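Colleague: Have a look at this prediction, sequence included:
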Amino acid sequence: MGLCTGCSLLCDDIVVELDGDKIGKTMNLCRKGHAHYNSLGSERLTPSVGGSQVGIEDAARAAGELLAGAENPLLFGWEGSTLEAQRAGVDLAKKLGSAIDGPSSYSQGMIAEKILAGEIPTCTFDDVRNFADVSIYWGDDPSSSHPRHMSRFSYFPRGEKRQKGYEEDREAIVIDVRKSPTAQIAADGFFKISPGGDGAFIEALTAALAGKIPKVEDKKRMLNLATKLRKAKFGAIFTGLGLAHSLRGDLSGFTALVGKLNELARFSVIPSLGDYNTRGFNQTLFDETGHVDAVSFKDGVSYGRKFGIARFLDSCDAVMVVGSDPAAVLPAALARKLAKVPMVAVGSHRTITSGLARVSVPTAVAGLEAGGAGLRTDGVKVEFDRLVGSVHLSDADVIRRIMEEV
Amino acid sequence: MAGGRELTVITYRGIFQEVEEARGMYSDGYRDQSAVVALDGRDMKEMGVEAGEPVRLATASGDVVVAAKLSEEDHPGVAFMPASPWSAQLLSGDVGEDGFLELKRFAARASPGEGEVTTIGEIEAGIKAP
């Protein structure tokens, strides 16, 4: 049985037939997973220094030298890396006295950190499949981002206490600014909000749950939702970037709402994190520092937004990007700043970021060409073996090799 | 940001874009799924733009030409765009007092575009420019 590292569901029921040392026929992959498996043969990163092709040893040595010579380095990314590579990355950051950060600092890090700190209740996908009768997708469109989310765990499947599945036993509620593919599945359970309207929706729903008249246009519909949630036996709230960005770091209303819901029944929050091991990096750094991103090891352990990539680019003199492509998603002004910093890119595929790097160090694709472990977006640890051979080292071996040069 | 129709642009991720990204960001398929903006029908009519035609989106941070797509929903004044290197050219790099970088929502001016859709090569060249 194979595993898919195409997203943070880490589906572990992939049937793979090997054709010699190549992947042949597969079953159970979603459209995205299929593309991930097929990516083995395209746009692979090659070892290079200063634009010239070199051997992996020379690339690793140049990477180590570049980092060792810096006063203020940043190690960024890690969401597409194994737990072993993330652990090695934290060790490297400590050795360098560098800052370390990941995309969580501009996505759902604040929600993940509160979950890891025990300030927001959570559960596993297996709990959701077995017990949840209400699934709320908030600023979240798993039909697009995590294609098997609803079919394996949160809406369609039968479960221990949910034998009738979505037909009778489960309710899907979608709160979003657009009628996403997930909202189309939810049909009457779709609540369309205005851009940035999440805070107002939280306020109105909290009021309705308290038996007050909510300050919204369709008061009856909001009161009906509150009634539905009051009757729930086990609720799950799946959060997406839409919610995180709309609240801009102020989770007080959201945590109060989740607290209110938990007075009525068990309601848990699971963030729909993007890349396959985002949760793993959050956990690894949290275990070491109490924070999921934006940490500096320069003088002991320091935390703050100034150590997140958006601000740290102003002062850093070297950056190593691992399993990530920030230049593709960051505002152009920040991507241009990133381009001016001497950079090492570590990863399996060519990206816009790797195109900016002075040193490129390729890795095997985790879960296909290299074994390791990751944390599913609900925090469950999943271990995996390689399916096929590779000329590349694993990401953990690459980071350890670079560390030897520092 | 002079001229054009002022819109609130919301970014999102779509399954077909995710698939093309896994296949490679330098492919025509990735550009076709990413360099698009879904517009309200009335906004398109008032802008004089048909589905598939180029639209220039501009902010104080930058501008790109993408293909217009007719949205199935009514959402006048709001446009939806896949989160991608194309939308990233329009985002502000300013970090607010709360330390949060806004990647999901921004105001842009939209006008009928001239020429071809911006290529990933042009975006890369802009990032690398001195």
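Modeller: Yep, that arrived.
Colleague: Let me see the contact set for the most centrally placed residue in chain B.
Modeller: Residue closest to the mean C-alpha point of chain B, counted by Cα atoms, centre = their mean, is B:Ser87 at 4.5 Å. If you count contacts by Cβ atoms under 8 Å, 6 or more residues apart in numbering or on different chains, B:Ser87 has them with B:9, B:11, B:81. Where you see a C-beta, it was placed from the backbone N, CA and C, and this is true even at glycine.
Colleague: Surely the first one is in contact with B:Pro82?
Modeller: No. In this structure, B:Val9 is not within contact of B:Pro82 by Cβ atoms under 8 Å, at 10.9 Å.
Colleague: and B:Lys45, helix, strand or coil?
Modeller: State at B:Lys45, reduced to three classes by DSSP: H, G, I helix; E, B strand; the rest coil: helix.
Colleague: State the number of residues packed around it.
Modeller: By the other Cβ atoms under 10 Å in any protein chain shown criterion, the neighbourhood of B:Lys45 contains 11 residues.
Colleague: Which residue ranges of chain B form strands?
Modeller: B:5-12, B:36-39, B:54-58, B:63-70, B:78-82, B:105-112 (DSSP state E).
Colleague: Tell me the strands beside the third one, with direction?
Modeller: Just to be clear, that refers to strand B:54-58. Each strand pairing with strand B:54-58, determined using DSSP bridges, is listed with its direction: strand B:63-70 (antiparallel), strand B:105-112 (antiparallel).
Colleague: Tell me which residues touch A:Ala204, please.
Modeller: A:214-216, A:222.
Colleague: and which of the residues you listed is nearest chain B?
Modeller: Proximity of the contacts of A:Ala204 to chain B (Cβ to the nearest Cβ) peaks at A:Val216, which lies at 18.4 Å.
Colleague: Can you find the helix or strand in the chain with the smallest mean pLDDT?
Modeller: Using chain A here. Comparing every helix and strand of chain A by mean pLDDT, DSSP states H and E singles out helix A:165-168 as the least confident one, with a mean of 82.
Colleague: ah, no, chain B please
Modeller: helix B:15-23 (a mean of 91).
Colleague: elements contacting it?
Modeller: With contacts defined as 3 or more Cβ pairs under 8 Å, 6 or more residues apart in numbering or on different chains; DSSP states H and E, the packing partners of helix B:15-23 are helix A:31-38, helix A:142-145, helix B:28-34.
Colleague: Distance from the helix or strand hosting A:Val258 to the middle of the chain?
Modeller: Take DSSP states H and E as the rule and A:Val258 turns out to sit in helix A:252-264. Computed by Cα atoms, centre = their mean, to the nearest Å, the chain-centroid distance of helix A:252-264 equals 24 Å.
Colleague: average pLDDT for the next helix-or-strand element following that helix?
Modeller: Counting by DSSP H and E, the element after helix A:252-264 in chain order, helix or strand, is strand A:266-271. Mean pLDDT, computed over strand A:266-271, is 98.
Colleague: The helix or strand following strand A:266-271 near chain B anywhere?
Modeller: Next along the chain after strand A:266-271, taking DSSP H and E as the criterion, comes helix A:278-289. No. Figure legend: helix A:278-289 not in contact with chain B (Cβ under 8 Å from any Cβ of the partner chain); closest approach 14.0 Å.
Colleague: Please identify the buried residues of helix A:278-289?
Modeller: Of all the residues in helix A:278-289, those buried under the rule 16 or more other Cβ atoms under 10 Å in any protein chain shown are A:278-286, A:288-289.
Colleague: thinking again about what came up before, switch the contacts of B:Ser87 over to a markdown table; also include neighbour count and pLDDT.
Modeller: Formatted as a markdown table, these follow (neighbours: other Cβ atoms under 10 Å in any protein chain shown; pLDDT from 0 to 100):
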| residue | neighbour count | pLDDT |
| --- | --- | --- |
| B:Val9 | 22 | 98 |
| B:Thr11 | 23 | 97 |
| B:Met81 | 25 | 97 |
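Colleague: could these go into a markdown table alongside distance to chain A?
Modeller: Below are those laid out as a markdown table (distance: Cβ to the nearest Cβ, whole Å):
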| residue | distance to chain A |
| --- | --- |
| B:Val9 | 9 |
| B:Thr11 | 9 |
| B:Met81 | 11 |
